[in-house]
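Engineer: Requesting a structural model of the entry that follows:
(chains A, B and C)
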Amino acid sequence: MTQTGKQFKNGIIDQNPVLVLLLGMCPALATSSSMTDAAGMGFTTTAVLLCSGFTISALRKLIPEKIRIAAFTLIIAGFVTAADFLLQAYAPATADSLGIFIPLIVVNCLVFARAEVFAFRNGVVRSSLDGLAMGMGFLAALLAIAAIREMLSAGTLFDFRVLPESFPAVTIMAQPAGGFFAVGLVVAAMQLLKRKGKAGVSV
Amino acid sequence: MNVWHAVLALGGLGVVLGLVIAAASRFFKAEADPRLEKLAEALPGINCGGCGHTGCAAFANALAAGEADVSGCPVGGRDAAEQLSSILGVELKEAVRMTVLVRCSGGVRARNKFQYEGIGDCHAAMQIGGGPKDCSYGCLGLGTCAKTCAFGAVSIVDDVAVVDPERCTACQVCVAACPKGLIIPVPYHADVHIPCSSREKGGTLRKICDIGCLGCRICEKVCIHNAISVEDNFASIDFEKCNGCGDCAEKCPRKLIVDAKLDRGPRLMEG
Amino acid sequence: MKDDFAEAADPREEEEQPAAAPPPLAEAPPPAESKTPGLNSVLKRARPVVERVAGVTARGLTVTGRTLRRFFKKDSVPNLVLVMFLLTVVTASCVGIVVSVTEDRIAEGKAESFAEALGTVFPGLELTFAPSGIGENIYEGRDGNGQLAGFSILVSPKGFSGFVDMVVGVDTLREVTGVTVVRHRETGDYSAVLTQGISEALAALDRGLQP
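Structural biologist: Predicted coordinates for the structure are as follows:
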């Protein structure tokens, strides 16, 4: 597998932010009640991860150790603000439904953690790829959780009716408690997948 | 011009924050061991906790205080260990490769006090009068340890658990899994073992197990290195003193003691 | 350990090999193994451009770095303050640029959706709305001939998970023509809140008409 391939596999499976590293759970729980919201959040966070990874890596030699936390926050906040305005201008519906969770990307521990652990210590290309890969993993996890929640609570996927009208709506899945249930299920499924992947192990 | 207002305001804020941070770093400066920074640099910085400390910084602190071993970082591995030992100026001891041993050889050779038909799990069986074995110290052979092994190193042969030292990584998950505490870590290179945990008196043991230790003390007397001590009918080897000569294995009347070099013992420890 | 993966962007190395390929791209992966020939050719053509841009940025940053180091030590107070200042100024400027580019679009969009929302409570009628003098959130709708057709009133009664923003349309005969919910965070049935909203709107209109 190429270096790039390895990084993508790492971001989507081995170190999937939501399902393995358990980072970025707040937006995962909050925006996964519908798949359109989840997709919006996933793509926005990916964009921020990519841009902040690139920038922080490019500036890593210039930023003194002592102010790195302030610097990371500043750079990430800059990109999130830009993303917020761009969304409001060109995708107002998404901006409305994501609401307060767009500014919260600034304090999404995933973005900060990748900045600190990876972007600050690696080259520009690697860091950008890492941001992209983690973002893809985040998006995939959010879509998985949202699929369960939307399907059970409304019988739709991306607002297309998938289950018959007669299917009883499990409304709790649309609420925060349901979010926890769905996240727990998907995390467990991921663990199962990872263990089965290891040769000859019975779970 | 709103943009310039914002830019200047934020720039001013930046200056103020920079000063605050600079002031804080000076006034609240803790006298830091100069090695700490270098130690932290040498560590991966993932804060996974694999070393047993709360994070890389904590591990670095423990290293500087001499409370931690340089080979303690599983993620950093040998590279980290080498760098850490050079920073601290200590010798990098060659980590002794460990494996684990199941200290029981009973299985089919040990008598059952009842026939157990229940959940195939040692913890479950323990709930019923301590399990079906007559010897209360013996391996139940239901394989809880084997199931926990992520490397497939533990298996059940002849109703007793056996460890393949080639596959074993000494992670010690099976050690915690055994309800009778029969599994212990031993050096990989140790050829001689006493695979019995029984403290039963010899007379009783002879009736309930064909292979177990009687507590006869012959091994203790034969060992010229004083490596074996028999207490409470339980014989154990001190691996610091044992040199693997195998005299005890030769003299054991039950042919219990394993000497891997000469294939002596109740069972071969092979994969 | 930390710099294990970093490329050699050491300023001194830059000086010795000015003609060398910019370090950051030294370990750039080959163009992605793509199954579509079109994508591959785009990537192949994009690569030299990306390399150029990256090269310029890298050189710019190393020059900045060297200049800074000449005057300030990395952890000294002036350097901390300077870097913070530069970062905030640059970030603020970039955000400012984005804001000025998107301002108009956002304002347009907001005005559009606002006018739309006011109109939804009078289905089938083409009305233009303007603030009426009789109340803060009360807008009067006039048809093509300038005739007053009714009022669109904005209310925000409290729902179960926050406020429910809605528009209530009332015609000149004080009949409710329609209710549109603009924003809510309710789950399930919120019809009770709608009734509440209607009564609040009518109350506001009555208050406004009889000062």
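Engineer: Okay, strands next: where are they in the stretch 1-150 of chain B?
Structural biologist: Ranges of strands within the stretch 1-150 of chain B are B:98-102, based on DSSP state E, counting those that start in this stretch.
Engineer: same check, this time on chain A
Structural biologist: A:156-157, A:160-161 (DSSP state E).
Engineer: Show me how far the last one is from its chain's centre.
Structural biologist: Centroid separation between strand A:160-161 and its chain, computed with C-alpha atoms, centre = their mean, to the nearest Å, is 24 Å.
Engineer: and whichever helix in chain C runs longest, what other elements does it pack with?
Structural biologist: Ranked by number of residues, the top helix in chain C under DSSP state H is helix C:77-120. When contacts are defined as 3 or more C-beta pairs under 8 Å, 6 or more residues apart in numbering or on different chains; DSSP states H and E, helix C:77-120 packs onto helix A:68-90, helix A:92-98, helix B:2-27, helix C:37-71, strand C:128-131, strand C:138-142, strand C:165-171, strand C:176-183. C-beta here means a position set from N, CA and C on the backbone, and glycine is covered the same way.
Engineer: Please work out the angle formed by the directions of it and helix C:37-71.
Structural biologist: 140 degrees (axes from the mean of the first three to the mean of the last three C-alpha atoms, to 10 degrees).
Engineer: Mind checking the pLDDT average for helix C:77-120?
Structural biologist: Per-residue pLDDT over helix C:77-120 has a mean of 88.
Engineer: Next one: the residue sitting furthest away from the middle of chain A relative to chain C, how far apart?
Structural biologist: Going by C-alpha atoms, centre = their mean, the residue of chain A most distant from its centre is A:S166, 33.1 Å out. For A:S166, the distance to chain C equals 18 Å [C-beta to the nearest C-beta, to the nearest Å].
Engineer: Please apply the same query to A:F8.
Structural biologist: Applying C-beta to the nearest C-beta, the value for A:F8 to chain C is 10 Å.
Engineer: middle-most residue in the chain, spatially?
Structural biologist: In the absence of a named chain, this looks at chain A. Closest residue to the average C-alpha location of chain A: A:F138 at 2.8 Å, with C-alpha atoms, centre = their mean.
Engineer: Actually, chain B is the one I wanted.
Structural biologist: Using C-alpha atoms, centre = their mean, the residue of chain B that lies closest to the mean C-alpha position is B:Q172, 4.2 Å off.
Engineer: Could you check the pLDDT of that residue?
Structural biologist: Note on B:Q172: pLDDT of 79.
Engineer: Same check on B:V258?
Structural biologist: Predicted confidence (pLDDT) for B:V258: 91.
Engineer: What residue, apart from its backbone neighbours, is nearest the residue nearest to the centre of chain B spatially?
Structural biologist: Leaving aside its chain neighbours, B:Q172 sits nearest to B:P185 (6.3 Å; criterion: C-beta to C-beta, 6 or more residues apart in numbering or on different chains).
Engineer: Quick check: can you name the pairing partners of whichever strand or helix holds the one you found and their directions?
Structural biologist: Element membership for B:P185, per DSSP states H and E: strand B:183-187. Strands adjacent to strand B:183-187 in the sheet, as given by DSSP bridges, are strand B:98-102 (antiparallel).
Engineer: what is the mean pLDDT for the strand it pairs with?
Structural biologist: For strand B:98-102, the mean per-residue pLDDT is 89.
Engineer: ranges for the helices of the stretch 1-150 of chain B?
Structural biologist: Applying DSSP state H, counting those that start in this stretch to the stretch 1-150 of chain B gives helices spanning B:2-27, B:34-42, B:56-64, B:77-88, B:122-126, B:144-148.
Engineer: for the last one, packing partners?
Structural biologist: What that stands for is helix B:144-148. In terms of contacts (3+ C-beta pairs under 8 Å, 6+ apart), helix B:144-148 is packed against helix B:122-126, strand B:154-157, helix B:173-177.
Engineer: run the last query once more with 7 Å
Structural biologist: Here helix B:144-148 touches strand B:154-157, helix B:173-177, going by 3 or more C-beta pairs under 7 Å, 6 or more residues apart in numbering or on different chains; DSSP states H and E.
Engineer: I'd like to check the angle between the longest helix of chain C and strand C:138-142, please.
Structural biologist: 50 degrees.
Engineer: Enumerate every residue touching C:V182.
Structural biologist: C:A117, C:D165, C:M166, C:V167 (C-beta atoms under 7 Å, 6 or more residues apart in numbering or on different chains).
Engineer: Can you give me the pLDDT of B:A235?
Structural biologist: At B:A235, pLDDT is 93.
Engineer: and it, which of the three is it?
Structural biologist: strand (DSSP: H, G, I helix; E, B strand; the rest coil).
Engineer: In this structure it contacts B:C223, no?
Structural biologist: No: taking C-beta atoms under 7 Å as the definition, B:A235 is not a contact partner of B:C223, at 10.1 Å.
Engineer: Show me which of the two is the more surrounded one.
Structural biologist: B:A235 (25 against 21; other C-beta atoms under 10 Å in any protein chain shown).
Engineer: helices or strands up against the helix or strand containing C:E200?
Structural biologist: Using DSSP H and E, C:E200 maps to helix C:191-209. Secondary-structure packing of helix C:191-209 (3+ C-beta pairs under 7 Å, 6+ apart): strand C:138-142, strand C:148-155, strand C:165-171, strand C:176-183.
Engineer: now that helix: mean pLDDT?
Structural biologist: 83.
Engineer: Roughly how far does C:S199 sit from C:L82?
Structural biologist: 61 Å (C-beta to C-beta, to the nearest Å).
Engineer: And A:T2, by the same measure?
Structural biologist: For A:T2, the distance to C:L82 equals 40 Å [C-beta to C-beta].
Engineer: So if I had to pick from those two, which one is more boxed in?
Structural biologist: Just comparing A:T2 and C:L82: by other C-beta under 10 Å the higher neighbour count belongs to C:L82, 18 against 11.
Engineer: quick one, what contacts that one?
Structural biologist: By C-beta under 7 Å, 6+ apart, C:L82 lies in contact with C:F72.
Engineer: Neighbours of residue 83, how many?
Structural biologist: I'll assume chain A. A:A83 has 21 neighbours, counted by other C-beta under 10 Å.
Engineer: not what I meant, chain C
Structural biologist: By other C-beta under 10 Å, the residues close to C:V83 number 24.
Engineer: Assess the claim that it and A:R68 are in contact.
Structural biologist: No: counting by C-beta under 7 Å, C:V83 stays clear of A:R68, with 10.0 Å between them.
Engineer: State the distance from the spatially closest residue to B:G138 that is not a sequence neighbour to chain C.
Structural biologist: In space, and not counting its chain neighbours, B:G138 is closest to B:G106: 4.4 Å by C-beta to C-beta, 6+ apart. To chain C, B:G106 is 48 Å away according to C-beta to the nearest C-beta.
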